[in-house]
Each structure stands twice: as structure tokens, then as C-alpha cells.
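> Need the 3D shape of this:
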Amino acid sequence: MIGDGRIVVVGASLAGLRAAETLREEGFAGSLTLVGEEPHPPYDRPPLSKQVLLGRVHAQDVALPSRNAVDARWKLGARAVGVDPIEKRVILADGEQLAYDRLLIATGTRARPWPNADEARLDGVLTLRTNDDAARLAERLAAGPRRVLVIGAGFIGSEIASACRELGLDVTVAERGPSPLVGALGGTLGTYAGALQRAHGVDLRCGVTVTALKGRNGRLTGAEFSDGGRIDADVAVVALGAVRNTEWLDGSGLAAGPRGVACDAGCRAFDMYGIVTDDVFVAGDVARFPHPLFEYQMLSLEHWGNAVAQAEVAAHNMISPGPRRRPHLTVPAFWSSQFGLNIKSVGVPTFSDHVVIAQGSLREGRFVAVYGYRGRVTAAVSVNRAKWLEHYQYLIETAAPFPPAPGAADRPGSFDPVPSDVPSPQLLSHGPTVALTGHLPDRHLTLVRHEPSPTAAHCR
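The predicted model follows:
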């Protein structure tokens with residue numbers, strides 16, 4: 001165990017906090033510094049699109065509880081702008097440089113902005129990622145706008161639409177893809193989600209894009225669509241997915257790009273040539289890592305549970321000698337609450353070619369959809385039927401055959417698998433919560449062949 005030295009954690013949200021706690025719990029007694037761009041202490045993000053928008057909780061009341069007191073130097077409201085891997089220093093926007101022996105990158109993601117900067121500045125055009133975002137949006141919804149436009153029907157967009165309908169607000173959802181949630185759950189559940197939204201009074205428009213946000217005197221007044229349609233709206237929420245915070249690593253020599261920071265299963269970052277580092281680690285939404293259950297595809301996960309589990313593995317490995325390090329092999333899991341339903345998932349639904357309703361039925365609104373790839377179980381999604389997920393997690397971990405055998409303890413649904421119809425992310429307005437990025441590099445490298453030093457006999 002390495003109990004001393006200097007550790008810097010860049011990213012003071014869920015992953016950064018849990019890593020810091022784990023470092024202290026496992027005996028690290030050295031210097032520990034946490035850098036966070038936001039001025040707030042670590043807070044919980046899932047309530048922002050649920051309880052906060054409904055007015056049940058204030059945005060400032062979602063602080064993450066600490067498992068233990070973390071003896072650390074906290075630099076909140078400080079932005080990291082670079083890393084010097086030779087001198088081992090993190091460079092901050094104000095010029096300060098933080099020396100480290102080991103570095104943890106946990107900078108997460110930010111909301112993808114509306115691409116037209118002038119339209120994005122209109123009063124009433126918002127995103128939802130931070131608690132400041134949630135406070136602003138909750139205030140606008142409480143004021144009773146005539147109509148809310150949600151651009152993008154992923155999980156965040158769908159949860160915002162659900163909150164609007166629960167508040168009695170008219171809401172239009174625009175999605176370039178064929179249905180809501182299709183990028184995360186595929187065609188069968190996407191079609192179900194679309195019918196659900198319409199049944200709850202959502203003006204759902206799929207297969208269209210917002211071509212312009214219109215304003216007057218600096219305020220949003222409405223939007224135009226690619227099919228020629230128009231609406232009046234006082235609020236537009238841009239829910240186009242997330243951008244991984246990696247730009248500050250440009251020039252660092254690390255394998256960092258739009259898909260995240262690549263690392264091995266032990267959370268050690270790769271450099272741009274695929275060589276593993278031993279002093280830079282990655283955890284949380286910004287990490288891009290291989291998983292043996294999914295054919296070693298490089299996964300990037302925007303999941304609460306993954307951020308916690310990966311941060312604990314990274315912290316352990318940062319202060320442990322090689323033989324005592326462990327891999328991050330947690331099965332991905334997430335949940336969502338929308339339109340009266342509790343949706344939970346294990347595995348990677350997008351890593352599939354077929355899906356089957358294994359328990360319950362779509363008609364009754366209580367079911368489990370099981371996903372398979374090349375004849376083995378890779379994921380399961382429950383809707384108001386979460387008791388089955390532990391069973392299917394075991395099937396995923398053991399590479400059980402797909403389709404699974406009918407469950408003896410519950411009435412089986414239709415065991416006729418259908419194509420899972422997972423579309424390319426390029427066809428969607430929303431981003432997937434699990435990005436399967438394969439083995440493709442984030443950039444093209446030009447390999448330079450280094451010639452031997454010239455001698456008198458080789459001069460040209």
C-alpha cells in the first residue's frame with residue numbers, strides 16, 4: 001500500500017468524492033487535493049430532472065452525503081486547463097500549478113449546447129446538467145409557461161417532459177429519431193415509450209428536427225421544424241446529450257477525445273499511442289474502458305452506479321502495488337422515473353441484436369425485456385417489475401444463452417425474439433447513456449520513423 005505522496009483529483013462531483021473517500025478509507029495519508037469547476041460541493045444529479053423540477057426538493061438541497069470526513073484541500077470554482085505529464089503538474093485557469101505523484105481524472109460531462117449561439121442566448125433557452133440549471137428550469141416551470149419545447153427524447157428529455165405533464169404544462173418533444181429512448185433501449189421499447197408519452201398528453205414529434213429557435217426582444221417565442229411545422233413556446237430545453245470534458249487534456253499526450261479518456265480495466269489512462277500510464281487514472285462519465293462481458297468494446301457510461309464503482313476501483317489501484325490491483329468489471333445499471341413508470345436496466349441494451357419480452361407484457365405496463373447478442377444474454381430492462389433484474393444480471397455475468405428459459409416464478413411473456421433495432425447515434429437527437437465506441441481511436445496518428453543519428457558515412 002502506498003500511503004503517502006501527492007494525489008490530485010480533477011473533478012469534484014460523485015466520482016471525485018467517492019474516490020477521495022476510498023483513498024482515505026484504505027489508508028492513504030498523503031496530500032489530497034480535489035479540483036472542481038463548479039463552486040458547489042458535490043451534489044446528486046438524478047434528483048435534478050425529477051424531484052427538483054416538480055418542486056419537491058430545492059436544487060441547493062441535493063448535496064451528496066459523505067461516507068466519512070475527507071481530509072483534503074478543496075479547490076472549488078477552479079478550472080483545470082492542462083496537464084504537464086513530464087513535470088507532473090495540473091495547470092489551473094488562474095495560473096496555479098498543482099504538483100502530483102498520481103492524478104485521477106473525473107471531469108465528467110456537460111450538457112451539449114444548442115449549436116446556434118445567437119439562438120442559445122435567447123431568454124428561455126435552457127439546458128439541464130447542473131443544479132444551477134435545475135434551479136433556473138424549475139423556476140421557469142413554476143411560472144406556468146404557455147408551452148415547453150424539449151429538444152431531444154433521451155432519458156433527460158423524457159424525464160423533463162414527464163415533469164411538465166405532471167405540473168399540468170403543455171409540452172412538445174422533438175426527436176430526430178423514430179421514437180423516444182430508442183438510442184438507449186432499441187425499437188421495441190422506443191415504440192412503447194412513444195405511445196406512453198402521447199397517452200400522457202405529450203405533443204411528440206419524431207423524425208423531425210428543430211431548424212430554428214425564434215425570438216423577439218431577446219426572448220424565446222417559438223420554434224420551427226424541418227417538416228415545416230411551427231410552435232409558440234416560452235421555454236425550450238436543449239436535451240441533446242452530453243459532451244465529455246476532455247478539451248483541457250489537449251496536448252497532454254493522453255488518449256483523450258470526444259469519446260472520453262481511454263483507460264484499461266484497472267482505470268489506468270492510456271497515452272495517445274496506446275501505452276498504459278501508471279500515474280494517471282480515470283473514473284466516471286469521462287472514462288472509456290474495455291469490458292470483457294461486451295467483447296472488450298470500449299464503453300463510456302453516464303451512470304450513477306458506474307461512477308461510484310469505478311471511482312472506488314481507481315482509488316484502490318492508485319495506492320496499491322500491481323498484484324493487489326483489481327479490475328472494474330461492474331455490470332452497468334441505471335434507472336429512470338417517468339410518466340408513472342419505474343424503469344431499471346442492467347447490462348448494455350445497445351449491445352444486442354434481438355430482444356424478447358420475458359415477463360409480463362407491454363399492454364399491462366409491467367414487464368421485463370431481455371436483450372441478446374449472438375445467442376447470449378447481454379441486458380435486461382424492467383418496467384415496474386424490478387424484482388427480476390438480479391436474476392438477469394446473473395445471466396449476463398455467466399453469458400447465459402439467449403433467449404432465456406421462461407421463469408418458473410412468474411408468468412412468461414411472449415418468447416418470440418424480435419430485432420432490437422438499435423439505431424446509429426448519428427440518427428438521433430439524444431445521446432445514448434452507454435456509448436459503445438469499439439476499438440476506434442479518437443484521432444488519426446502519423447507514426448514517425450526515427451532514423452539513427454547520422455554519422456560521417458550516412459550524411460546526406
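
> What residues of stretch 384-391 count as buried?
Under the neighbour-count criterion of 16 or more other Cβ atoms under 10 Å, stretch 384-391 has R385, W388, L389, H391 buried. Heads up, the C-betas are built off the backbone N, CA and C, glycines and all.

> what's the helix or strand for the third one?
Taking DSSP states H and E as the definition, one finds L389 inside helix 389-397.

> In terms of secondary structure, what does that helix contact?
Here helix 389-397 touches strand 341-347, strand 366-373, strand 376-383, going by 3 or more Cβ pairs under 8 Å, 6 or more residues apart in numbering; DSSP states H and E.

> pLDDT on the shortest one, on average?
Averaged over strand 341-347, pLDDT sits at 96.

> how much distance is there from that strand to the middle of the chain?
Centroid separation between strand 341-347 and its chain, computed with Cα atoms, centre = their mean, to the nearest Å, is 15 Å.

> Adjacent strands (with direction) for it?
Paired neighbours of strand 341-347 in the sheet (DSSP bridges): strand 333-338 (antiparallel), strand 376-383 (antiparallel).

> which of the buried residues of stretch 384-391 sit farthest apart?
Farthest pair in those (Cβ to Cβ) is R385 and H391. Separation: 11.3 Å.

> Find out how far stretch 287-295 is from the centre of the chain, if you would.
Its chain's C-alpha centre and that of stretch 287-295 lie 15 Å apart, by Cα atoms, centre = their mean.

> Identify all contacting residues around it.
Contacting residues not belonging to stretch 287-295 are listed as 105, 259-265, 267, 282, 296-301, 310, 328-329, 331, 347-348, 351, 378, 396-397, 399, 435-437 [Cβ atoms under 8 Å, 6 or more residues apart in numbering].

> which residues touch the closest residue to K50 other than its chain neighbours?
In space, and not counting its chain neighbours, K50 is closest to S337: 5.7 Å by Cβ to Cβ, 6 or more residues apart in numbering. Shown in contact with S337 (Cβ under 8 Å, 6+ apart): K50, E159, S162, I343.

> What lies in contact with the helix or strand where the second one lies?
The reference is to E159. Element membership for E159, per DSSP H and E: helix 155-166. Here helix 155-166 makes contact (Cβ under 8 Å, 6+ apart) with 49-50, 53-54, 128, 137, 141, 148, 150-151, 153, 170-171, 173, 175, 180-181, 184, 193, 197, 200-202, 237, 239, 336-339, 429-430, 433.

> All the strands of the stretch 51-200 of the chain, residue numbers only.
73-76, 80-84, 89-92, 97-99, 102-105, 109-111, 125-126, 148-151, 171-175 (DSSP state E, counting those that start in this stretch).

> returning to that earlier point: after the helix holding L389 comes which helix or strand?
Counting by DSSP H and E, the next helix or strand C-terminal to helix 389-397 is strand 418-419.

> quick one on the thing from earlier: now the helices and strands packed on helix 389-397 as TSV including distance to V9 and mean neighbour count?
As requested, these are exported to TSV (distance: least, Cβ to Cβ, whole Å; neighbours: other Cβ atoms under 10 Å):
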stretch	distance to V9	mean neighbour count
strand 341-347	28	21
strand 366-373	35	24
strand 376-383	31	25
